[in-house]
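Chemist: mind folding the following:
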Amino acid sequence: MDRITLSSLRYEGLVGAPEEERAFPQMLEVDLVIEADLAAAADSDALTDTIDYGPLVSLTERTLEGGSFATLEGLAGALVRGVLVAAPKAAAVTARVRKLAVPMDVSMDHAEVEVRRER
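Modeler: Have a look, this model is predicted:
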């Protein structure tokens, strides 16, 4: 299966299990991997034969900046469901969501969740 990958999309969003953590937006980072048969697009070089990722970037922005989630899993699930609706040619979608500033007394780069769904 062919893939379209959108890496390191960064937006502020409300995510956190305690309600206080959702009081202020946090910087989040998202990777989307869309699996689809891209043979027709590879042969034709036509946008109509592929998945236009512009609307998927907009969907990601709206989901992160307009929603509030208790968990990274909930956010990743919402992204995957949204992409499957917006991109009917997608056979599967993976969303990786990273919280870049984890409110814990430990040194770490980020916390990450990966959710993958197939049609």
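Chemist: so the spatially most central residue of the chain is in which element?
Modeler: Among the residues of the chain, the one closest to the centroid is residue 95, at 4.3 Å (CA atoms, centre = their mean). Taking DSSP states H and E as the definition, residue 95 sits inside strand 92-99.
Chemist: just the CA trace of that strand, in CSV.
Modeler: Written as CSV, here are the backbone C-alpha positions of strand 92-99 (Å, rounded to 0.1, in the frame of the first residue of the first chain):
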residue,chain,number,x,y,z
ALA,A,92,-6.1,3.2,6.4
VAL,A,93,-5.0,6.2,8.5
THR,A,94,-2.5,6.5,11.3
ALA,A,95,-2.4,9.5,13.6
ARG,A,96,0.6,10.1,15.9
VAL,A,97,0.0,12.8,18.5
ARG,A,98,2.7,14.2,20.7
LYS,A,99,2.4,16.4,23.8
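Chemist: so whichever helix or strand comes after that strand versus strand 92-99, what angle?
Modeler: Once the chain leaves strand 92-99, the next helix or strand it forms, by DSSP H and E, is strand 111-118. Going by axes from the mean of the first three to the mean of the last three CA atoms, to 10 degrees, strand 111-118 is angled at 170 degrees with respect to strand 92-99.
Chemist: now strand 111-118: buried residues?
Modeler: Of all the residues in strand 111-118, those buried under the rule 16 or more other CB atoms under 10 Å are 113, 115. C-beta coordinates here come from the backbone N, C-alpha and C atoms, glycine included.
Chemist: and for residue 24, the neighbour number?
Modeler: By other CB atoms under 10 Å, 9 other residues sit near residue 24.
Chemist: swap in the one 5 residues further on?
Modeler: A count of nearby residues for residue 29, using other CB under 10 Å, gives 17.
Chemist: cool, and residue 67?
Modeler: 14.
Chemist: do residue 13 as well
Modeler: 23.
Chemist: residue 34 reaches residue 56, doesn't it?
Modeler: Yes: Residue 34 lies in contact with residue 56 (CB atoms under 8 Å); the separation is 7.2 Å.
Chemist: tell me which of those two has more neighbours.
Modeler: residue 34 (26 against 22).
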